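sequence plus predicted model, see below.
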Amino acid sequence: MKQLVCTPIVLSLLFATSPNFILGQHRKASRIRSRCDYKSIGVPTENGSNQKLTGSYDLKRLAEAMKLNRNYEINDHYNGDGLVVSRVFKGVKYNIVLEKRDETTELNLNTYNFKGYPNGTVAWGERCNRRNESIKSNVLRMIEDLPLDSHQKSELKKYVRVTTMTRA
């Protein structure tokens, strides 16, 4: 069996180059992270399309029940073919969008942020330094508050994604 022998010269070369390599990787990673303009939520589909759900959800019953909870804003989406359930967490408006298509229901998620940005502009989401787990937990909390059975809640939860957005 062969043994690897590291001479002082080999060791000094390893330690001399490793920090530079690691720092170079760190600098590269921080440049990538700095390209974040905001974070949002979404579903795992192409181009922001809706996620088809396995069954049909009773949107009228859902809207009536959620209107009783003052933490939520409930609005129609597309002339009554859908429903938007919204809640604000620290100035960021999170939206669960449910739409009826034929006999199925489709899901989409998004955020809007009207507070805390320069010139009063809308930045459409969370600040980049906000932890993904914190953003996702806000949506999961909203799903838990919906008057759905455990199977339906579980289905919605599996489609929640945190996205990092950049402007072109």
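Yep, that arrived.

for D76, give the beta-bridge partners.
Beta bridges link D76 to L83 when assigned by DSSP bridges.

was I right about it contacting G82?
Yes. Using C-beta atoms under 8 Å, D76 makes contact with G82 at a distance of 7.0 Å. All C-beta atoms are positioned from the backbone trio N, CA, C, and that covers glycine.

and those two? Which one has more around it.
Shown here are D76 and G82; by other C-beta atoms under 10 Å, G82 has more neighbours (19 against 12).

ok, now which ones touch that one?
Residues near G82 by C-beta atoms under 8 Å, 6 or more residues apart in numbering: 59, 76, 97-100.

three-state assignment of S86?
Taking DSSP: H, G, I helix; E, B strand; the rest coil as the rule, one finds S86 in the strand state.

from D102, how far off is the residue nearest to it when sequence neighbours are not counted?
Once flanking residues are discounted, S86 sits nearest to E73: 4.3 Å by C-beta to C-beta, 6 or more residues apart in numbering. Distance, E73 to D102, by C-beta to C-beta, to the nearest Å: 27 Å.

quick one, helices of this structure?
Secondary structure of the chain by DSSP state H: the helices cover 8-33, 59-66, 132-145, 150-158.

could you list the low-pLDDT ranges of this protein?
For the chain, the stretches flagged by pLDDT under 70 are 1-34, 113-123, 168.

ok, the contacts of G82 vs L53, which is closest?
Nearest to L53 among these is L98, at 8.2 Å by C-beta to C-beta.

that older thread, what count of nearby residues applies to the residue nearest to S86?
15.

I'd say it and Y94 touch.
No. With contacts counted by C-beta under 8 Å, E73 stays clear of Y94, the gap being 10.5 Å.

anything in contact with each of these two?
Listed as contacting both E73 and Y94 by C-beta under 8 Å, 6+ apart are 86-87.

and the closest residue in space to K39 that isn't next to it in sequence, how far from V97?
Spatially, and ignoring its direct neighbours in sequence, K39 is nearest to E126 (4.3 Å; C-beta to C-beta, 6+ apart). Distance, E126 to V97, using C-beta to C-beta: 18 Å.

next one: T54
17 Å.
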